[in-house]
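Visitor: okay, here's the prediction I keep looking at, along with the sequence it came from:
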Amino acid sequence: MKKISLFILLFVSFSCRPDSPGNKNEHVPLADPFIMLYEDTYYAYGTYSDNGIAVFTSDDLKTWEKLPALALDKSNSFGEKWFWAPEVYHIGDKFYMYYSAEEHICAAVSSSPAGPFIQETQQPIIPDERCIDNSLFIDDDGTPYLFFCRFNDGLNIWVAELNEDLISIKPETMHPCIHTSQQWEQVWPRVNEGPFVIKHDNLYYMTYSANSFESQYYGIGCAVANDIMGEWTKYDNNPLLQKPGNLNGTGHHCIFRDKNGNMKLAFHAHKDTSNIHPREMYITDVRFKTINNEKRLTIDNEFMTPVLKK
């Protein structure tokens, strides 16, 4: 749930609505989903509650169960509302959660993937600027980077190096990556958000979402770069995922590997053609294919619908 500054007053009351945690739908009611595999269990985090970040678990990606306690409670974090787009990474003996709260990027740490995650210094990573959708990428040489969205040109994607603590950036390294530039992104309003970066054969691939999350034409594109701090070039065949099957508003995703080592993509879609909320989680496949003598990342339009354990 996010918006650009031009529309903040118009949509503020709408944005305060949680994604209906009490909904009885059997689908998994997670927006902006992120899935991590740890010790043979899948953990899913996402936009779900105004009180913090929830966590769901699964053995097979098909059937999920919500854990009773929030992985991150707002009492342990900056902010009182708008807890969005979490990502969790196991590094060393700790788990790091990157998330947005009140349109500021934050990080919290835990000794368990279920939490509780604690933000020891309860202030945003960039205190004086509204930013959302922070995503971690650690390069082959061990350099950690944080990708995130700024509100200085609609919503656009930037990157910065992280310090060794993995929760603070080096401000002097902030570098622009992509902004709204392709025709399919022009539906409404100016949005490039939800970055997720992987590396394959020495090339960096950034998948991202464009258009408003409220639009049926919310979709996923890809950009590539030889250098993280260099120029990112968008695919000319974007979007890679938009309105697959009977789904609308498909976007804000993560890429992960399942127990068999296969690349998967978790994304959300609108409740149905008439209702945005509660947004629900879906899973599909990601592959690299050679197209016109070029290795390209592709997203399968066939998808799996995870359900809640009865």
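Guide: Received the coordinates, thanks.
Visitor: can you map out the strands along the stretch 151-300 of the chain?
Guide: Counting by DSSP state E, counting those that start in this stretch, one finds strands in the stretch 151-300 of the chain at the ranges 156-161, 175-178, 192-200, 203-210, 219-225, 233-234, 251-257, 263-269, 280-291, 294-304.
Visitor: can you put these in a markdown table and add mean pLDDT and distance to residue 66?
Guide: Where C-beta positions appear, they are placed from N, C-alpha and C, glycine not excepted. Output for those, formatted as a markdown table (pLDDT from 0 to 100; distance: least, CB to CB, whole Å):
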| stretch | mean pLDDT | distance to residue 66 |
| --- | --- | --- |
| strand 156-161 | 98 | 30 |
| strand 175-178 | 98 | 34 |
| strand 192-200 | 98 | 23 |
| strand 203-210 | 98 | 24 |
| strand 219-225 | 98 | 26 |
| strand 233-234 | 98 | 36 |
| strand 251-257 | 98 | 18 |
| strand 263-269 | 98 | 16 |
| strand 280-291 | 96 | 12 |
| strand 294-304 | 96 | 19 |
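Visitor: and residue 57, which of those strands is closest to it?
Guide: Nearest to residue 57, of all these, is strand 280-291, at 13.2 Å by CB to CB.
Visitor: how far off centre is the closest one?
Guide: In terms of CA atoms, centre = their mean, to the nearest Å, the gap separating the centre of strand 280-291 from the centre of its chain is 15 Å.
Visitor: same deal with stretch 138-145?
Guide: 19 Å.
Visitor: one more: stretch 228-236?
Guide: That offset, for stretch 228-236, works out to 19 Å (CA atoms, centre = their mean).
Visitor: contacts for it, please.
Guide: 137, 139, 145, 159, 173, 175, 177-178, 181-182, 197, 204, 206, 221-225, 296 (CB atoms under 8 Å, 6 or more residues apart in numbering).
Visitor: buried subset of those as a PyMOL selection?
Guide: Buried subset of the contacts of stretch 228-236, written as a PyMOL selection, criterion 16 or more other CB atoms under 10 Å:
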select buried, resi 137+145+159+177+178+182+197+204+206+221+222+223+224+225+296
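Visitor: where along the stretch 101-250 of the chain do the helices fall?
Guide: Along the stretch 101-250 of the chain, no stretch is classed among the helices by DSSP state H, counting those that start in this stretch.
Visitor: low-confidence bits of this structure, can you list those?
Guide: Filtered on pLDDT under 70, the chain yields the residue ranges 1-25.
Visitor: please redo it, this time with the cut-off set to 90
Guide: 1-25, 291-294, 310 (pLDDT under 90).
Visitor: before we move on, the earlier item: can I get the strands of the stretch 151-300 of the chain in CSV with distance to residue 98?
Guide: Converted to CSV, the strands of the stretch 151-300 of the chain look like this (distance: least, CB to CB, whole Å):
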stretch, distance to residue 98
strand 156-161, 13
strand 175-178, 17
strand 192-200, 11
strand 203-210, 16
strand 219-225, 19
strand 233-234, 24
strand 251-257, 11
strand 263-269, 16
strand 280-291, 18
strand 294-304, 22
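Visitor: closest one to residue 129 among these?
Guide: Smallest distance to residue 129 across the strands of the stretch 151-300 of the chain (CB to CB): 10.5 Å, for strand 156-161.
Visitor: and the closest one, how far out from the chain's middle?
Guide: Distance, stretch centre to chain centre, for strand 156-161: 14 Å (CA atoms, centre = their mean).
Visitor: that strand: partners in the sheet, and parallel or antiparallel?
Guide: As defined by DSSP bridges, the strand partners of strand 156-161 come to strand 144-150 (antiparallel), strand 175-178 (antiparallel).
Visitor: which residues sit against the longest one?
Guide: Looking back up the chat, that one is strand 144-150. 98, 105, 125, 129-139, 155-162, 166, 169, 177, 192-197, 206, 228.
Visitor: looking at the strands paired with strand 156-161, spot the one closest to residue 62.
Guide: Closest to residue 62 of the strands paired with strand 156-161 is strand 144-150 (CB to CB; 29.7 Å).
Visitor: give the contact list for residue 41.
Guide: So residue 41 contacts 57, 58, 59, 113 (CB under 8 Å, 6+ apart).
Visitor: state the distance from the third one to residue 65.
Guide: This means residue 59. 10 Å (CB to CB, to the nearest Å).
Visitor: just so I know, which of the strands paired with strand 156-161 lies nearest residue 305?
Guide: In terms of CB to CB, the element of these nearest to residue 305 is strand 144-150, at 27.9 Å.
Visitor: before we move on, the earlier item: just the contacts of residue 41 now: which is nearest residue 85?
Guide: Closest to residue 85, out of all of those and judged by CB to CB, is residue 113, at 17.2 Å.
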